[in-house]
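S.K.: Below: sequence and its predicted model.
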Amino acid sequence: MSIEYIISMITNNWPMFLRGAGMTLLISIIGTIFGAVIGLLAGVIRTIPKPERKMKRILLKVVNLILSAYIEFFRGTPMIVQAMVIFYGSALAFGIDMDRTTAAIFIVSINTGAYMAEIVRGGVISIDKGQFEAAQAIGMNHVQTMWSVVLPQVIRNILPATGNQFIINIKDTSVLNVIGVTELYFQAKTVAGISFKYFEPFFIACILYFVMTFTVTLILRYIERRLDGPENYSMIGQPPPQLMLPRNNANID
Amino acid sequence: MGSVIEVQHLSKSFGNHEVLRDIDFSVNKGEVICIIGSSGSGKSTLLRCINLLEKPSGGQIIYRGENILDEKHDIHAYRKKLGMVFQQFNLFNNHNALNNCMVGQVKVLKRSKEDAEKIALKYLKVVGMDHYVNAKPKQLSGGQKQRVAIARALSMEPDVMLFDEPTSALDPEMVGEVLKVMKELASTGLTMLIVTHEMEFAKEVADRVVFMDKGVIAEEGPPEQIFNNPREERTKTFLKRTLS
Ligand SMILES: Nc1ncnc2c1ncn2[C@@H]1O[C@H](COP(=O)(O)OP(=O)(O)OP(=O)(O)O)[C@@H](O)[C@H]1O
Ligand SMILES: [Mg+2]
C-alpha cells in the first residue's frame, strides 16, 4: 500500500465513489428535509393547547398518543434493523417491491422525524409565554400564532440541532448498505471486493464522509449568521433630539 | 348606552385560590380608567380576564351588547377589538418594529400590505418610533420597545386599549417617554383601561379611578374623590402607604 496505490484506486474507481457519495448526500438531504417537516408537524400538534370542546379534546388525545408511539418506537430501535423490517416486511406483507432508494429515503425521513419532533417540541416550549399571549391578544388563532410568530423563532433556535441531525444522517446512511442501497459505504465495499484491498477504499470513503459533513457544518454556520441579520439597523431619517436623549426629557408634568 | 364593555359579577379562581370576586364595572366610550391597588389584588387578572387571556370562572362580560363568554362567540373577533400592552412588552422577537405593527393587520384584519404599512407608520410616528422601523426588539431600549408595543396595539385600531403596568419594567429614566405617549393618547378620546402604580399619572389623566383590594373593587370614582377624599378606610390606608 502506498499513496500511489490510493491515487490509482481513485483514478480507476472514481465514478463509483462519486456515485456513492452522491447517493449518500441525496438520501441524507431529502431525508433530513422530510424529517424536519414531519418533526415540525408532529412537534406543533403535540404543543396544541387543550381545546375547550370535548370532541376536539378526545381527538387531539388520540392523535397525540399515535405520535408518541411513533416517536418512541423509531427512537427506540436501531435504524439498521428498521431498514430490514421495512424493506423486506413491505414485500412480504403487502407485496410491495420498494425501490431501494425510495426505501432508504423513507427510513431516514421517519427516523429523523422522530428525533426532530422532540427537538421542535422543546423549541416551542422554550419560547416565552409572552410571545403567544401578545399574538393571541391581537386576535391571532393558533395557526396564525404558530406560523407568524412562534415557528420562525423555533426554526432559528433548532437550526443547530437540525444541522447535527443532517450530519448524523450523512454518516448513518452507511447502515442502509444492508438493503443494498448504493451509497458510499456500499460502493467502498464493492471496490474492496473487486480489488481485495480493504484499507484503501475505506480510507477514501472516510475522507469523502468527512468532506461532506464538514462542508455541511460550514454552510449551516453561514446560514445561521445570515438569519441573525446585521448587528446594526439603519435609521430612517434623523430622530428628534428628545428621543435620542430620553434622560433629559424624563420629567414630564 | 355609552358602555363599551360591561363586566358583571365576574369571578376568577386559580384552583381554590379566589383571585377575583363579584367584580362589577363598565367601561364607557372615550373614558380613561386607571386601576390601582396593592400587589396581588387582582388587577392584572381582571385585565387578562377582559381579553380572555384568562378564562373567567363566573360572571359575564358584555361587549357592545353581546355576551362574549357565550360558547358560540368568536374569541378572535372580539380580541382584535381590544389592544393590549404588556408589562414585559412582548414584542415579536422575529419581526422588526414595522413588522410588529403590520403582522396583525395583515393576518387578522386581512389588510393589504400597503395599507398595513401606511397605518403602522402612522402609529409608529404617534409614539415617536418611526425612525426605528428596521430595528429588531433586541436592539431597542425598554422604553422604545414599549412605545413600539403601543404602536402595534394602535395599528389594529381597537375599540379599547388595555395597559397592564406599562412602565413597571422600565428603568426610571424611560418611564417618562412612555407616560408622555399615553397622555397624548388619552387626550385624543381613546378608550383606555390602565393598570398602573403611577399615582401622579392616574391623577392627571384618569376620568375614573378604580381601587382594587383583595380581589374586589373597594372603591371607584373620579380622581379627586379617590386621591383627595377617599370614602373607604382601605383606600386611605393604601394611598398613605404608596404616596408616602
Ligand atoms: N396563573 C396563575 N396561577 C395561579 N395564581 C395566579 C396566577 N396568576 C395570578 N395568580 C394569583 O392571583 C393573585 C392576583 O394576581 P395579579 O397578577 O392579578 O395581581 P396584581 O394586582 O396584578 O399584582 P401586581 O401589582 O403585583 O401586578 C395573586 O395572588 C397571584 O398569585
Ligand atoms: Mg399585575
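M.R.: Perfect, I can see it now. Ligands and ions are numbered 1, 2, ... in the order given.

S.K.: The helix or strand that contains A:R225 vs chain B: in contact?
M.R.: Assigned by DSSP states H and E, A:R225 belongs to helix A:199-228. No. Under the criterion of C-beta under 8 Å from any C-beta of the partner chain, chain B is not reached by helix A:199-228; the shortest gap measures 9.5 Å. For glycine as for every other residue, the C-beta is placed from the backbone atoms N, C-alpha and C.

S.K.: Just the buried residues of that helix, please?
M.R.: For helix A:199-228, burial by neighbour count (16 or more other C-beta atoms under 10 Å in any protein chain shown) applies to A:200-201, A:204-205, A:208-209, A:212-213, A:216, A:220.

S.K.: That helix: how far from the chain's middle?
M.R.: Relative to the centre of its chain, helix A:199-228 is centred 15 Å away, using C-alpha atoms, centre = their mean, to the nearest Å.

S.K.: for stretch B:81-89, same thing?
M.R.: Average the C-alpha atoms of stretch B:81-89, do the same for its chain, and the two points are 6 Å apart (C-alpha atoms, centre = their mean).

S.K.: Is ligand 1 within reach of that stretch?
M.R.: No. On the criterion C-beta under 6 Å from any ligand atom, stretch B:81-89 is out of touch with ligand 1, staying 7.5 Å away.

S.K.: Flag every residue of the stretch 1-150 of chain A that's near chain B.
M.R.: Along the stretch 1-150 of chain A, the residues adjacent to chain B under the rule C-beta under 8 Å from any C-beta are A:52, A:128, A:130-131, A:133-141, A:144, A:148-149.

S.K.: mind listing which of those residues are in helices?
M.R.: Under the assignment DSSP state H, these contribute A:130-131, A:133-137, A:144 to helices.

S.K.: What subset of the residues of the stretch 1-150 of chain A next to chain B is buried?
M.R.: Using 16+ other C-beta under 10 Å as the burial test, those include A:130-131, A:133-141, A:144, A:148-149 as buried.

S.K.: mind listing the strands in chain B by residue range?
M.R.: The residue ranges that make up the strands of chain B, judged by DSSP state E, are B:3-14, B:17-28, B:32-37, B:58-63, B:66-67, B:82-85, B:160-164, B:191-195, B:208-213, B:216-221.

S.K.: tell me the contacts of the residue of chain B found nearest chain A?
M.R.: Distances from chain B to chain A, computed as C-beta to the nearest C-beta, single out B:K80 as the nearest residue at 3.1 Å. Residues in contact with B:K80 (C-beta atoms under 8 Å, 6 or more residues apart in numbering or on different chains) are A:138-139, B:104, B:108-109, B:156, B:158.

S.K.: ok, so of the residues you listed, who is nearest A:R225?
M.R.: Distance to A:R225 across the contacts of B:K80 (C-beta to C-beta) is lowest for B:G104, with 29.5 Å.

S.K.: doesn't A:G139 make contact with that closest one?
M.R.: Yes. Using C-beta atoms under 8 Å, B:G104 is in contact with A:G139, at 6.9 Å.

S.K.: Give the residues shared as contacts by those two.
M.R.: Both B:G104 and A:G139 are in contact with B:80, B:156, where contact means C-beta under 8 Å, 6+ apart.

S.K.: re earlier: among the residues of the stretch 1-150 of chain A next to chain B, which pair sits farthest apart?
M.R.: A:E52 and A:D128 (24.0 Å).

S.K.: ok so, going back, go through the contacts of B:K80 and flag which are in helices.
M.R.: Applying DSSP H to the contacts of B:K80, the entries found in helices are B:G104.
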